[in-house]
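Q: Give the three-dimensional model of this entry:
(4 chains, ligands or ions: 2)
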Amino acid sequence: MTPSSAAQRSLVDTVKAAKKDSDAQQPYRELGLADNEYARIREILGRRPTSSELAMYSVMWSEHCSYKSSKVHLKQFGDKVPVEAKDILLVGMGENAGVVDIGDGWAVTFKIESHNHPSYVEPHQGAATGVGGIVRDILTMGARPVAVLDSLRFGPANAPDTARVLPGVVSGVGSYGNCLGLPNIGGEVAFDSTYLGNPLVNALCVGVLRTDEIKLAKADGPGSKVVLFGARTGGDGIGGASVLASASFEAQGKTKRPAVQVGDPFAEKVLIECCLEIFAADLVTGIQDLGAAGLSCATTELAAAGTGGMAVDLDLAPLRDETLVPEEILMSESQERMMAVVTPKNLSAFMAICEKWDVTATVIGEVNDSGRLTMRWHGEKIVDVPPRTLAHEGPVYQRPIRRPYDQDALNGDHGNGLPRPKTGEKLRSTALKLIASPNLADKSWITDQYDRYVLGNTVLAQPEDAGMVRVTDERWRVEHDGEDSKLGLALATDGNSRYTRLDPYAGAQLALAEAYRNVATTGARPLAVTNCLNFGSPEDPAVMWQFSEAVRGIADGCQQLGIPVTGGNVSFYNQTGTSPILPTPVLGVLGLIDDVSRRTPMAFDQDGHQLYLLGDTRDEFGGSEWAYVMHGFLGGKPPAVDLDREKLLADVLINASRDGLIDAAHDLSDGGLFVALAESCLRGTTGVRVIVPDDVDPFVFLFSESAGRAIVAVPRTEEVRFTDMCTARRLPATRIGVLDVLESAIEVQGQFRLPLAELRTAWASTLPDLFG
Amino acid sequence: MALSKYRVGVVTFPGSLDDRDALRAVRLAGAEPVPLWHGEKWLSDVVAVILPGGFSYGDYLRAGAIARFSPAMQSVIDGARNGMPVLGICNGFQVLCEAHLLPGALIRNDHRKFVCRDQRLRIENTETAWTNQYEAGQEIVVPLKNGEGGYVADPATLDALEADGRVVARYLGDNPNGSYRAIAGITNEAGNVVGLMPHPEHAVEELTGPSTDGLAFFTSVLQKLVGIPA
Amino acid sequence: MARVVVDVVMKPEILDPQGQAILGALGRLGIEGVRGVRQGKHFELDVDDSVSEETLHRLADTLLANPVIEDFSIHR
Amino acid sequence: MARVVVDVVMKPEILDPQGQAILGALGRLGIEGVRGVRQGKHFELDVDDSVSEETLHRLADTLLANPVIEDFSIHR
Ligand SMILES: Nc1ncnc2c1ncn2[C@@H]1O[C@H](COP(=O)(O)OP(=O)(O)O)[C@@H](O)[C@H]1O
Ligand SMILES: [Mg+2]
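A: Ligands and ions are numbered 1, 2, ... in the order given. This next block holds a predicted model:
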């Protein structure tokens, strides 16, 4: 034994000691536990917790892990699961990620998660480890991760701190995903001063598995071995533990532990391949990734979900830093680690695969039926707890809720008096200014740093409305004469914080509707939903009102659209000082397409195709990009939500794609029709000639953000069939122009003409000019 | 003669990423794709080898620096010296340079960012084992994606490469990574070893690539093996 | 004009994936006896004599190193 | 056990984009008087005393540096 471990051993707090000096003072408040929470821990244990137990309760009962403020609200997602969705949900909320059945023996798992605060402190590593964490969640379900998306929010594009945060976040998302070999197929980027001191980094991962291969986080079968594998445990991300350490070890001159984690994507790539080989050989009975709360979370969740007991020798955990004490090991958030439950019979085969991939694997414990999770440190018992009390029976709060005092004033200040462009010339300059504004400008400075091709199944990627990948693998080809599957899945994420500030219920539904519409625009049928709820402090009743309204909006919206919420993540305490960020629920929608070759892209490439606008355009500028860019104004009401209309629109887009009636389609959202036209033209090779319908104001026509709309390019030969379809289904479809290869411009007849070259320069130069 | 009897190997190193894509391209070209593991010396009777893209060993030190020492590479190096066709794509190109099968080196892109985009190239040498199905001067579009894709070598080496016609492909339009003389790919003197920074294996299917221009790299090697002159 | 060297290394408690990868490769190279490797950055600056210690320190602290995860040393 | 440092720098004739970028950023930071910056790699090795000079040289020459583009120096 080295001298340092001898020293540690003598200082370690044991169950025996805790029974003896049950009244010893403990730094539970510094660890974020409330008086009543600490009292409950004592009640559960019948004594004071050991410092290791205190460390475990403090992380497991934190807001982040226990969902103590959000649980009562999130319950609605389960209660309101649409009937039509029940039989596709193979695994619902509560596991690492939900799993949905997509037919042909395939299943899909997907989830979005935040890594906001670390990305502010160390943008590159914070964002990188955010990607790493969500990928492990997907892997844990038994799936091969097949794509990622990222939803990003930064302060003003020209703010000096954005120049620090954005390039780091982008290189972090990029380098981690690229190095794992996962195509990045979509996401979003938005700028607003609300995020200056608190950027948002939300990452989504999707994985594919066979329906009979789902893995769950449970430790089943007494005698089974508990294996910790992957990277060694270091002192990463245990800011909280330093409180404990300093309380007991200050005299020893303990160094401060870093609050940020550094990721090793190469280690994760190897871990993924190693796990997939282990899964294919069917060698685990349960598996859990180590994310937030590290070993505390993995051991308690596995034990709580299985036979019920587990005994761990914590000193067997391989360490990167030999000076770590048990409390720190339990709280460490070192990346690229997994925990598996393996029967003794399978153990040697399991270890052999780990060896092949050069992955460190160590048996650190065993499953039992004691109903207790116990841990020893060099033979001394330091933990003895009922695991459910950590994993599932944490505190639950009904936080006070109050509508913000300024909500009525905000909604009443509708901005109808804001000066609007009246002449063709003014409309033209408005169009140019909008398209060059950071929120609407070309994002390829960012997305060109992401590999979208790797794995060879990417059918659509950014800037398309949704990313789409083919679902196929070697096993499929073997079973189908060497042919790849035609099945595809589509994914889109959306969120609009201004809409949500104006009306959190409607704003969240608008985000849901937009992601849903984006998926349908590509020809895929929306199937399931994930969400990342980025809000301020739950202790602020006004924030809690926004939160509860948003959750209610999502739950009701999903029920109405007939697609279930399968999982997600809550990120509270997004604030600068005491100012919360604008409420930012980000919705991810997954869709399915039977035949990827029928996908609908956004590019206008087809000379002479007729341009149709689907849906109704109203005078709706509350929370709009126009009000924000041209007037710096936020007020009024967001656009009206009509989910039945969204469903109808989606039906038409999906059927038209399947029947070959449309060759291009693009959803209308921020910036309205003009922006959609510009994006489709710049993506393709043709210009458009557009006619403003007689009874419509050109400004409203071009820039309103009414929901439930899309533009489509219809071949002349299919025009009758297409319009018949819309008429039969009662979807308003207005012919507004024609694609024209000779007219290399957007020409709005009678108003203005904007050459595509000029448009492209304005659109494409904004981000490079800012970020180099 | 049926082409598919030809076994073309793709080496997977820890951290290889585009190995599956390379295997798919081999299959679509009509050969039999054979996955090879970096830890095995035995090349499973393949007649040609592809070193795929990715980040072998994380590329932390220098791209390709560690992979070159693997057992499989020892056999690949021997094979290459004896005329076996070897194609290194992206990370594979870096490995070939580190292994001194090709001259020069690849360094961090001059703009210091990873770049993924559809790249126009001109095929400059159609005599190699991997490019004989292209026409001289043919322009193609294939994906490019790299962080360390800047090709560098001393002026004498560059001049020699040019003089011998060993520049296989050159970037057209903006130089995407600062490569000297816009070099995208080179070959050895014998023309059996080719290193290429862009990714032809991502341009073999209409559905998933910007074009199918990349397929000819994989059919070229079959023509070479069958012995039909290009 | 003076040559100043700034070396930047990861803080000891932070994971150094680069060093780990090199350590793993040594076995294959047949090199024994290397117990630990950490990889950092090495900067060589040519600076006017007028440049003060404080300036160099600020330069290292803000641009060359990220003090959240890295330590640096300056050799003039 | 000994601490050995190996510094690796690009040969002068090879372009160093990272050094250039730092030079460019100095202006924005308001730092004057820095005329040139080159970025290289810095390795800290913990080696047994038994490890010979030749072994270290081989390690630097074959693994840590690529002699085609880089020079190295070893400090024991
Ligand atoms: N906003 C949300 N909507 C639906 N499910 C949620 C949401 N937030 C969290 N969940 C679910 O709660 C469970 C625990 O979440 P989390 O702690 O983020 O998982 P993990 O432990 O894998 O990081 C997961 O099943 C997750 O999907
Ligand atoms: Mg998890």
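Q: any weak-confidence spans in chain B?
A: Along chain B, the model assigns pLDDT under 70 to residues B:1-4, B:227-230.
Q: All the helices of it, in order from the start?
A: Ranges of helices in chain B, per DSSP state H, are B:19-29, B:71-81, B:91-98, B:155-163, B:215-226.
Q: If we go by neighbour counts, what in the last one is buried?
A: By that I understand helix B:215-226. For helix B:215-226, burial by neighbour count (16 or more other C-beta atoms under 10 Å in any protein chain shown) applies to B:215-225. Just so you know, the C-beta spots here come from the backbone N, C-alpha and C atoms, and that holds for glycine as well.
Q: most distant residue from the middle of chain C?
A: Here the centre of chain C is the reference, and by C-alpha atoms, centre = their mean the most remote residue is residue C:30, at 26.5 Å.
Q: List, one by one, the residues from chain C near chain A.
A: C:10-17, C:20-21, C:24, C:66, C:68-69 (C-beta under 8 Å from any C-beta of the partner chain).
Q: Quick one: buried ones out of those?
A: Neighbour counting by 16+ other C-beta under 10 Å classes C:10, C:13-17, C:20-21, C:66, C:69 among the residues of chain C next to chain A as buried.
Q: near chain B, from the residues you listed?
A: Okay, of these touching chain B (C-beta under 8 Å from any C-beta), that's C:17, C:21.
Q: so which of the buried ones among the residues of chain C next to chain A comes closest to residue B:104?
A: Closest approach between those and residue B:104, by C-beta to C-beta: residue C:21, at 23.3 Å.
Q: what angle separates the helix or strand the closest one falls within from helix B:71-81?
A: Using DSSP states H and E, residue C:21 sits in helix C:17-29. On the basis of axes from the mean of the first three to the mean of the last three C-alpha atoms, to 10 degrees, helix C:17-29 is oriented at 70 degrees to helix B:71-81.
Q: and stretch A:582-593 with chain B, contact?
A: No: Stretch A:582-593 lies out of reach of chain B by C-beta under 8 Å from any C-beta, never closer than 12.1 Å.
Q: How about stretch C:40-59?
A: No: on the criterion C-beta under 8 Å from any C-beta, stretch C:40-59 is out of touch with chain B, staying 11.8 Å away.
Q: how far out from the middle of the chain is that stretch?
A: Remark: stretch C:40-59 is offset 14 Å from the chain centroid, using C-alpha atoms, centre = their mean, to the nearest Å.
Q: I'd like the buried residues of helix B:215-226 laid out as CSV, including distance to residue A:422.
A: CSV is the format used below for the buried residues of helix B:215-226 (distance: C-beta to C-beta, whole Å):
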residue, distance to residue A:422
B:215, 55
B:216, 57
B:217, 58
B:218, 60
B:219, 61
B:220, 62
B:221, 65
B:222, 66
B:223, 66
B:224, 68
B:225, 71
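Q: Of those residues, which is the nearest to residue B:71?
A: residue B:221 (23.3 Å).
Q: For the buried ones among the residues of chain C next to chain A, name the two members farthest from one another.
A: Farthest-apart pair in those is C:21 and C:66; separation 20.5 Å (C-beta to C-beta).
Q: and chain B, which residues reach chain A?
A: So chain B meets chain A at B:14-15, B:17-18, B:20-21, B:24, B:27, B:39, B:53-55, B:57-60, B:111, B:113-117, B:143, B:145, B:147, B:199, B:201-202, B:205, B:207-209 (C-beta under 8 Å from any C-beta).
Q: So the nearest residue to residue A:151 once chain neighbours are set aside: helix, strand or coil?
A: Spatial nearest neighbour of residue A:151, excluding adjacent residues (C-beta to C-beta, 6 or more residues apart in numbering or on different chains): residue A:202 at 4.2 Å. With DSSP: H, G, I helix; E, B strand; the rest coil as the basis, residue A:202 sits in strand.
Q: before we move on, back to that, show the buried residues in the residues of chain B next to chain A.
A: B:14-15, B:17-18, B:20-21, B:24, B:27, B:53-55, B:57-60, B:113-116, B:143, B:145, B:147, B:199, B:201-202, B:205, B:207-209.
Q: If I look at the closest residue to ligand 2 within the stretch 1-150 of chain A, what pLDDT would I see?
A: Across the stretch 1-150 of chain A, the shortest distance to ligand 2 (C-beta to the ion) belongs to residue A:96, at 3.9 Å. Listed pLDDT for residue A:96 reads 76.
Q: Next up, the contacts around it.
A: Listed by C-beta atoms under 8 Å, 6 or more residues apart in numbering or on different chains, the contact set of residue A:96 reads A:111, A:137-138, A:140-141, A:217, A:288-289.
Q: Of those residues, which belong to strands?
A: A:111, A:288-289 (DSSP state E).
Q: Return only those of these found close to chain B.
A: Taking C-beta under 8 Å from any C-beta as the test, chain B is in contact with none of the ones in strands among the contacts of residue A:96.
Q: ok, these vs chain D, which is closest?
A: Chain D lies nearest to residue A:289 out of the ones in strands among the contacts of residue A:96, by C-beta to the nearest C-beta, at 31.8 Å.
Q: burial of the closest one, as a residue count?
A: Residues lying near residue A:289 (other C-beta atoms under 10 Å in any protein chain shown) number 27.
Q: quick one: contacts for the residue nearest to it when sequence neighbours are not counted?
A: Nearest non-adjacent residue to residue A:289, counting by C-beta to C-beta, 6+ apart: residue A:136, 3.8 Å away. Under the criterion of C-beta under 8 Å, 6+ apart, the neighbours of residue A:136 are A:268, A:271, A:289-291, A:336, A:338.
Q: Repeat that for residue B:144.
A: With contacts defined as C-beta under 8 Å, 6+ apart, residue B:144 is in contact with B:115-119, B:176-177, B:184, B:197-199.
Q: So which residues of the stretch 51-200 of chain A form helices?
A: In the stretch 51-200 of chain A, the segments counted as helices under DSSP state H, counting those that start in this stretch are A:51-60, A:63-66, A:71-79, A:116-121, A:123-140, A:160-180.
Q: Now distance to residue A:605 and mean pLDDT too, for those helices, in JSON lines please.
A: Shown next, in JSON lines, are these (distance: least, C-beta to C-beta, whole Å; pLDDT from 0 to 100):
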{"stretch": "helix A:51-60", "distance to residue A:605": "53", "mean pLDDT": "93"}
{"stretch": "helix A:63-66", "distance to residue A:605": "47", "mean pLDDT": "89"}
{"stretch": "helix A:71-79", "distance to residue A:605": "41", "mean pLDDT": "94"}
{"stretch": "helix A:116-121", "distance to residue A:605": "38", "mean pLDDT": "91"}
{"stretch": "helix A:123-140", "distance to residue A:605": "33", "mean pLDDT": "94"}
{"stretch": "helix A:160-180", "distance to residue A:605": "29", "mean pLDDT": "95"}
